[in-house]
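J.: This is a predicted model, with the sequence first.
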Amino acid sequence: MTRSARTSLAGALAAAAALAATELVNLLQPTRPSLLIAVETWFVDTFAGALKDLAVELFGTADKVALAIGAILVLLALGTGAARWEVRRRWAGVVLIAAFGALGVAATARDAQGSVPVGLLAAVVGVAAGSATLLLLLDRFDLRVAPGAERLFADRRTGAGAGAGAGGTDPADPGGERGQLRDVAGTRRDVMLWGLGTGAAVAVGGLLARGVGDGLRRARSVIPDQLPAPTERVRLPSSQPFTVDGLTPYITPNGDFYKIDTAISTPYVVTDEWRLRITGMVDREIELSYADLLARDLVEEVVTLSCVSNEVGGDLVGNARWLGVPLRELLEEAGVRDGATQLVGESVDGFTAGFPTAALDDPDRPALVAVGMNGEALPRSHGFPARLVIAGLYGYVSATKWLSEIRLTTLGEEDGYWIDRGWAKEAPVKTSSRIDVPRRGDRVVAGTVAVAGVAWAPNRGIATVEVRVDGGEWQPAELGRVTSDDTWVQWHLAWEATAGDHLLEVRATDGDGHVQSSVRVSPIPNGAEGWDERQVKVAQG
């Protein structure tokens, strides 16, 4: 192992030790974000507007995992840089580690969930652990190996030192060339053992801290096994007029429902301490606990939600049974004042989303403070303990998860999180359709072939879905049954396919008579448009 490699290894292990130490300290308040998560959140808040589409395109719903891995790699790279600085100038590397600790404290201070006292303590302990590990390993890795002996070893390997080795040195002399080479080899074995041992200890310590922290978070964030029954259950379609393998089900299971949000780490809300406040332009501010919400008359609605980042034909859309308290009832109790034109939902992590109060003027538009999803309490990743569900609006202006406050204000007074990052202030879900079957790469044989998918226009409903082949005439598809116009609809067409290459296209017409445009439009600033299409190769039967 070269001198440079040993230096880099020392720096990476020092960074890992600092990270593990901060995670250990964070166990004091496990429901709060660690220093690293606070820094990641700061980064996302700063660059989200520029990186959102790219992150979703590259990583989809795994964008947070990719960011977490990237942050750790950056931290390890900073550690190697600190080690190289420390080798060149005493204490320079320690200063760099301390600077990153200060950055973590600053990020914690601006985080809505952050605890400055715990963050400060974590930074001090982390900087101390990282600095001590760095200085110890640099001494162990570098100072025990004489640079001259290392160069001699390198010369010997290349043959460049052959002449020098014939210069009369006594082979039995422990200070001679062979003795130096034995010392170097032994030191290298020693270095490898130290590196593996230290790395294993740091990794185990960090994983244990993460595991214990996760256990403590779960213990304090208690999700009930069963929720009160709704006043009236929604009757789902008992069957569909067609069955197609590969067609998206009418109700999306919780585990398959898309997850897009700005939270780097899923917030763990302490159930007994959580409160929902209704504030702003109201006659009476209201504060409700989780138990208060569950004690109310709960209603059930089936609503399709869609992410504004969903590309044409994308899967960032889902349909679920939501259980909750009608939002209009809560607003009526609070007494919304004249002049309030915007409702802003704020999350426990500081995220905000706002939509015009005029959207609630339609009494047929479902609007819930939801506590349940598909017959069970909201999963943490979908907003436990409560979230907003508003039919017909993209999630980034309405579907606040981990809801902590509902604020009545004006459209000009406040912008939600994504508005000053380039996205539209008002965002009704656009009429869309998607081809699920045939799937990409399916082997299709000439004859009767099922073409099927889903189409949605929440709050307006879908009137017709049409399919055409190779630019020919539009053919009406058969539509499945729905509970209301607020959900997507499954569709199916029996296509008499002939051998060869074919292009399938789909379009939908909503309940207001609006037909999907064929012009492709990117998601920013208010949602994608265009027809989904599928190239299909049909083999001779």
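T.: Arrived safely.

J.: Where do the helices of the chain begin and end?
T.: Ranges of helices within the chain are 3-25, 35-59, 63-88, 92-110, 116-138, 147-158, 162-165, 177-220, 290-295, 327-334, 395-398, based on DSSP state H.

J.: Pass me the low-pLDDT residue ranges in the stretch 351-500 of the chain, would you?
T.: Nowhere does the stretch 351-500 of the chain drop to pLDDT under 70.

J.: ranges for the strands of it?
T.: Using DSSP state E, counting those that start in this stretch, the strands of the stretch 351-500 of the chain run over 352-356, 367-373, 376-377, 387-390, 403-409, 432-437, 444-445, 447-456, 462-469, 475-476, 478-479, 489-497, 500-510.

J.: contact partners of the longest one?
T.: The one in question is strand 500-510. For strand 500-510, contacts defined as CB atoms under 8 Å, 6 or more residues apart in numbering pick out 431-435, 438, 451, 453, 455, 457, 460-471, 474, 477, 491, 495, 515-516, 518, 531-538. For glycine as for every other residue, the C-beta is placed from the backbone atoms N, C-alpha and C.

J.: Report the buried members of the residues you listed.
T.: Among these, those classed as buried by 16 or more other CB atoms under 10 Å are 431-435, 438, 451, 453, 455, 457, 460-469, 477, 491, 495, 516, 531-532, 534, 536, 538.

J.: Save the strands of the stretch 351-500 of the chain as TSV, and put in distance to residue 33 too.
T.: As requested, those are exported to TSV (distance: least, CB to CB, whole Å):
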stretch	distance to residue 33
strand 352-356	18
strand 367-373	24
strand 376-377	23
strand 387-390	20
strand 403-409	15
strand 432-437	35
strand 444-445	49
strand 447-456	35
strand 462-469	41
strand 475-476	52
strand 478-479	46
strand 489-497	41
strand 500-510	41
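
J.: Quick check: which of the ones you listed is nearest to residue 71?
T.: Nearest to residue 71 among these is strand 352-356 (24.0 Å), distances taken as CB to CB.

J.: Pairing partners for that closest one, with directions?
T.: Each strand paired with strand 352-356, and its direction, by DSSP bridges: strand 342-347 (antiparallel).

J.: Now do the strand it pairs with: distance to the chain's middle.
T.: Between the centre of strand 342-347 and the centre of its chain there are 21 Å (CA atoms, centre = their mean, to the nearest Å).

J.: What angle do strand 403-409 and it make with each other?
T.: Between the axis of strand 342-347 and that of strand 403-409 there is an angle of 160 degrees, by axes from the mean of the first three to the mean of the last three CA atoms, to 10 degrees.

J.: I'd like the mean pLDDT over strand 342-347, please.
T.: Average pLDDT, strand 342-347: 98.

J.: Run through the residues that contact residue 281.
T.: Counted by CB under 8 Å, 6+ apart, residue 281 has contacts 336-337, 339-340, 408-410.

J.: quick check, nearest of the residues you listed to residue 112?
T.: Looking across the contacts of residue 281 and measuring by CB to CB, the closest to residue 112 is residue 409, at 18.0 Å.

J.: in terms of contact, does that closest one touch residue 336 like I think?
T.: No. Between residue 409 and residue 336 no contact is recorded; they are 10.8 Å apart, counting by CB atoms under 8 Å.

J.: List the beta-bridge partners for residue 336.
T.: Beta-bridge partners recorded for residue 336 (DSSP bridges): residue 282.

J.: distance of it from residue 286?
T.: 12 Å (CB to CB, to the nearest Å).

J.: So, low pLDDT: which residues of this structure?
T.: Scanning the chain for pLDDT under 70 picks out the ranges 1, 48-58, 60-64, 142-214, 216-218.
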